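Q: I would like to see how this sequence folds:
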Amino acid sequence: MLPFHDIELAAARLKGVAHRTPVLRSRTLDAMLGLKVFMKAENLQRMGAFKFRGGYNAVNVQQTQAVGRHPFEVIRVLVRDVLTASDPAVVEAMRFAFERMKIVLEPSGACALAALMAHAGRFEGQRVGVTLSGGNIGPERFAALLSGAERVD
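A: Alright, predicted model coming up:
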């Protein structure tokens, strides 16, 4: 497991380099799902994704050969289950984020929100955190996906 001290060092390296992204709330989403949802808006990070943090730290401390090792250890220890969402559910999550929150998400960046929306009953009454990521989508493709003219690939 990654020691907490290493996380503190990584945060210190990112100070002034990475954007401090907000945690967003939606009363509409909370009411729809029967949950309290906290969405970390990493789509507002440099490059449109939280990957900037890990990539910057890996390059900064020259750990490029160990980049995947620590996340796998954390997943192996802490993850009990993986939830999925269909392509139409991903598009609906993108639509919700855009229409209700005025946030543009690419399909991969909407997957966590889509999975939560599809499996909300598993978390009823709980506080749930979701990372929004991946604002790297052009306006034409975004419009085509929301209009149904194009499918998620």
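
Q: Could you give the number of residues near the residue nearest to V152 when sequence neighbours are not counted?
A: Nearest non-adjacent residue to V152, counting by C-beta to C-beta, 6 or more residues apart in numbering: D87, 4.1 Å away. From N, CA and C alone the C-beta is placed, and that goes for glycine too. Neighbourhood size, D87 [other C-beta atoms under 10 Å]: 13.

Q: Then H5?
A: Residues within reach of H5, counting by other C-beta under 10 Å, total 8.

Q: do V17 as well
A: Neighbours of V17 (other C-beta under 10 Å): 12.

Q: again, but for L78
A: Quick note: L78 (other C-beta under 10 Å) scores 8 neighbours.

Q: list the contacts for it?
A: Applying C-beta atoms under 8 Å, 6 or more residues apart in numbering to L78 gives no contacts.

Q: What pLDDT is listed against it?
A: At L78, the model reports a pLDDT of 80.

Q: For M101, give me its contacts.
A: Listed by C-beta under 8 Å, 6+ apart, the contact partners of M101 are L24, S26.

Q: ok, now how distant is it from R151?
A: With distances taken as C-beta to C-beta, to the nearest Å, M101 is found 23 Å from R151.

Q: what about the protein, any weak spots by pLDDT?
A: Scanning the chain for pLDDT under 70 picks out 1-2, 46-70, 153.

Q: rerun at 90
A: Across the chain, the ranges flagged by pLDDT under 90 are 1-22, 41-81, 124, 131, 133-137, 150-153.
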